[in-house]
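K.L.:
Fold the following and give me the result.
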Amino acid sequence: MSVDVLQEKIRKVKNPSMVDLALKVSDLPPSFPVEGESRAAAYGRFCREVLGALKGIVPAVRVGFTAFAVLGPEGLTQLQNVLKVAASQGYYVLLEAPYILSPMMADATAEAVWGDQALYPCDGLIISAYPGSDVLKPFLSYVKDKKKDLFPVVRTSNKTAPEIQDLLTGGRLVHGAAADLVNRFGADNIGKTGYARVGAVAGGNSAQSLQNLRTKYPKLFLLIDDVDYSGCNAKICSNAFDKFGHGAVVCAGPTITAAWKLAETDGADYLEQAVSAAERMRKNLTRYVTVL
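P.N.:
Have a look, this model is predicted:
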């Protein structure tokens with residue numbers, strides 16, 4: 001798959017959103033785990049059940065490597081299973097990689113997720129742009145030859161992000177410099193929809209930042225992150241889309257996966273609450289974004 005397929009899946013269900021399956025174990029419903037079930041097994045089962053419930057509603061899923069890795073060796077086995085199930089159910093599958101600090105580990109990660117004997121197969125991968133170009137380059141041959149998608153993070157949504165990411169460097173903001181770098185790599189990997197297979201992850205709490213990114217980088221597909229944070233909303237996120245409602249996807253985690261907790265229920269209705277939250281998110285987004 002590629003960003004073209006992601007865009008087509010979004011168009012099919014008229015829903016420019018993605019569910020993030022990275023959640024704290026404490027956010028699992030009280031019925032998890034059952035007696036004799038490990039935390040890792042319960043976590044994996046919960047994720048698979050959410051995927052089944054949201055099939056046909058949400059077109060894409062994001063899976064966090066670290067969220068499973070912290071559960072121990074069995075967690076990584078569960079991660080592989082969740083990735084496989086998501087692909088079999090027709091989702092566009094995005095994996096958030098652990099933080100990569102060296103070209104050597106970039107090579108190893110690229111081989112593990114996109115190589116001939118991939119351990120963690122996925123359609124797209126999230127990495128950080130901040131280590132620089134030599135950490136991005138090992139992924140580019142897979143982007144070109146296997147039509148995979150790379151989403152380097154250029155700006156995050158946490159409250160303290162401006163402490164570094166919004167500082168001025170020369171005439172640019174730091175996150176603008178990161179976006180410039182990412183955009184250069186996307187120029188040779190433009191899909192049929194007009195968007196590059198090297199996209200960018202941007203925070204959903206700054207309308208100005210999203211406006212600037214959309215205007216300056218018209219071919220950059222934007223993954224809008226962390227709408228679970230306060231200060232993020234559908235109106236702000238709408239600035240990432242083009243006039244056809246294309247070129248972006250909005251990612252939400254606990255807003256959907258822990259919707260039962262937000263609704264203050266006993267957790268028995270966790271799937272119904274997840275579906276309701278996903279439908280609510282679609283409704284909110286499409287108030288401002290018309291997907292043509």
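K.L.:
Distance-wise, check the spatially most central residue of the chain relative to residue 120.
P.N.:
The residue lying closest to the centre of the chain (Cα atoms, centre = their mean) is residue 62, at 4.6 Å. Residue 62 sits 13 Å away from residue 120, going by Cβ to Cβ, to the nearest Å. Where C-beta positions appear, they are placed from N, C-alpha and C, glycine not excepted.
K.L.:
any shared contact partners between the two?
P.N.:
Counting by Cβ atoms under 8 Å, 6 or more residues apart in numbering, the common neighbours of residue 62 and residue 120 are residue 95.
K.L.:
So in that sheet, which strands flank the helix or strand encompassing the residue nearest to the centre of the chain, and in what orientation?
P.N.:
Element membership for residue 62, per DSSP states H and E: strand 60-64. Using DSSP bridges, the strands paired with strand 60-64 are strand 17-20 (parallel), strand 92-96 (parallel).
K.L.:
SS state for the closest residue to residue 275 other than its chain neighbours?
P.N.:
Using Cβ to Cβ, 6 or more residues apart in numbering and skipping residues adjacent in sequence, the residue nearest residue 275 is residue 53, 5.5 Å away. Three-state call for residue 53 (DSSP: H, G, I helix; E, B strand; the rest coil): helix.
K.L.:
Need the pLDDT of residue 53.
P.N.:
Residue 53 is assigned 98 on the pLDDT scale.
K.L.:
Check residue 255 too.
P.N.:
Looking at residue 255, its pLDDT stands at 93.
K.L.:
wait, isn't it in contact with residue 277?
P.N.:
Yes - using Cβ atoms under 8 Å, residue 255 makes contact with residue 277 at a distance of 5.9 Å.
K.L.:
which neighbours do those two share?
P.N.:
Residues touching both residue 255 and residue 277 (Cβ under 8 Å, 6+ apart): residue 262.
K.L.:
hmm, back to that, what is the mean pLDDT for the strand holding residue 62?
P.N.:
On average, strand 60-64 scores 97.
K.L.:
ok, what's across the strand from the residue nearest to the centre of the chain?
P.N.:
Residues in a beta bridge with residue 62, per DSSP bridges, are residue 20, residue 94.
K.L.:
just the helices in the stretch 151-292 of the chain please.
P.N.:
Applying DSSP state H, counting those that start in this stretch to the stretch 151-292 of the chain gives helices spanning 162-165, 174-186, 207-216, 234-237, 254-257, 259-262, 270-286.
K.L.:
Mind giving me the packing neighbours of the longest one?
P.N.:
So that's helix 270-286. Counting contacts by 3 or more Cβ pairs under 8 Å, 6 or more residues apart in numbering; DSSP states H and E, helix 270-286 packs against strand 17-20, helix 39-54, helix 234-237, strand 248-252, helix 254-257, helix 259-262.
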